[in-house]
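*Asks:* Just to be clear, the model below is a prediction. Sequence and coordinates:
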Amino acid sequence: VKLTKYQEATALNKKEAGLVFNINSKELLKAACCNLSESFETNATVDVSFSNAVTGTKQLKMLGLDQKYTALTKELLPEIRGLASAYGLNFIPGRWISGIQLTKGGSTVVNGYESITGQINTELLKVHEEPETAVNFFTDVNGRVETNITSTTQLNSHCNQSVLLHGTATLGKIDSNYDSFLDQPPGNQINATY
């Protein structure tokens, strides 16, 4: 007899003292997420909205409070703080994310002093069973173009490496209601991590 259990898309971690929800890549597939800010469209706890429509900056709210009360970490290290908080949610592309740990409520000082409403930790792609290399392209009728290149490799029994590249450009300048304001801000962005 062989028993197989599939991991749930969002699971509550019962081994943690706090209220930690593990959001894996299966849940992220439900929302068409191009970056971290769009990964929370299926989550009722986190609300992401535009704080400035001209520049395209986004503001995160968790449990009704502003982003400055939420600790945002990547691989359990502080990531989006200070001046980076305005554009920081756009710096982590959706293709790079393998999972998100969402902690509700106050946390210990180990995670930082910002975590009054909770903590959002982003886990990046890693080697699971086999090395993986993927390339994907996206384009739409509004002139937005995106490219992702990801590669994970096992170096030896203790070390692995991930090379993650992302490029995005908004080439179209669309003003569908002819009010002299563009419907989406133009811009280019290139992200890379190793």
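*Replies:* Structure received.
*Asks:* make it CA atoms for all contacts and neighbour counts henceforth
*Replies:* Will do.
*Asks:* who's in contact with the spatially most central residue of the chain?
*Replies:* Per CA atoms, centre = their mean, the C-alpha nearest to the average position across the chain is that of Leu36, at 2.3 Å. Neighbour list for Leu36: 89-94, 97 [criterion: CA atoms under 8 Å, 6 or more residues apart in numbering].
*Asks:* again, only this time at 6 Å
*Replies:* By CA atoms under 6 Å, 6 or more residues apart in numbering, the contact set of Leu36 is 89, 92, 94.
*Asks:* can you tell me how far the second one sits from Ala192?
*Replies:* Yep, that's Ile92 we're talking about. Distance of Ile92 to Ala192, computed by CA to CA, to the nearest Å: 10 Å.
*Asks:* Gln101 pairs with what?
*Replies:* For Gln101, the beta-bridge partners are Asn22, Asn121 (DSSP bridges).
*Asks:* and it, how many residues sit next to it?
*Replies:* 22 (other CA atoms under 10 Å).
*Asks:* before we move on, the earlier item: can you convert the contacts of Leu36 into a markdown table and add a column each for neighbour count?
*Replies:* Output for the contacts of Leu36, formatted as a markdown table (neighbours: other CA atoms under 10 Å):
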| residue | neighbour count |
| --- | --- |
| Leu89 | 22 |
| Ile92 | 20 |
| Gly94 | 23 |
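*Asks:* Specify which member of those is nearest to His128.
*Replies:* Closest approach to His128 among the contacts of Leu36 (CA to CA): Gly94, at 18.1 Å.
*Asks:* ranges for the strands of this protein?
*Replies:* Using DSSP state E, the strands of the chain run over residues 10-13, 19-24, 46-52, 57-62, 70-74, 77-78, 97-104, 118-124, 132-139, 144-154, 160-170, 187-193.
*Asks:* Which one, of those, ends up nearest to Thr4?
*Replies:* Of all the strands of the chain, strand 10-13 comes closest under CA to CA, at 16.8 Å.
*Asks:* Check the average confidence over the closest one, would you?
*Replies:* Average pLDDT, strand 10-13: 67.
*Asks:* Ok, stretch 60-71 next?
*Replies:* 80.
*Asks:* hey, C-alpha coordinates of that stretch in PDB?
*Replies:* Extracted in PDB, the C-alpha atoms of stretch 60-71 (Å, rounded to 0.1, in the frame of the first residue of the first chain):
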ATOM      1  CA  LEU A  60       0.800  47.000   1.500                       C
ATOM      2  CA  LYS A  61      -1.700  46.800   4.400                       C
ATOM      3  CA  MET A  62      -1.800  43.800   6.800                       C
ATOM      4  CA  LEU A  63      -4.700  43.400   9.200                       C
ATOM      5  CA  GLY A  64      -5.700  47.000   8.300                       C
ATOM      6  CA  LEU A  65      -2.400  48.700   9.300                       C
ATOM      7  CA  ASP A  66       0.200  50.300   6.900                       C
ATOM      8  CA  GLN A  67       3.200  48.500   5.500                       C
ATOM      9  CA  LYS A  68       5.600  50.100   8.100                       C
ATOM     10  CA  TYR A  69       4.100  48.000  10.800                       C
ATOM     11  CA  THR A  70       4.800  44.700   8.900                       C
ATOM     12  CA  ALA A  71       8.200  43.100   8.700                       C
END
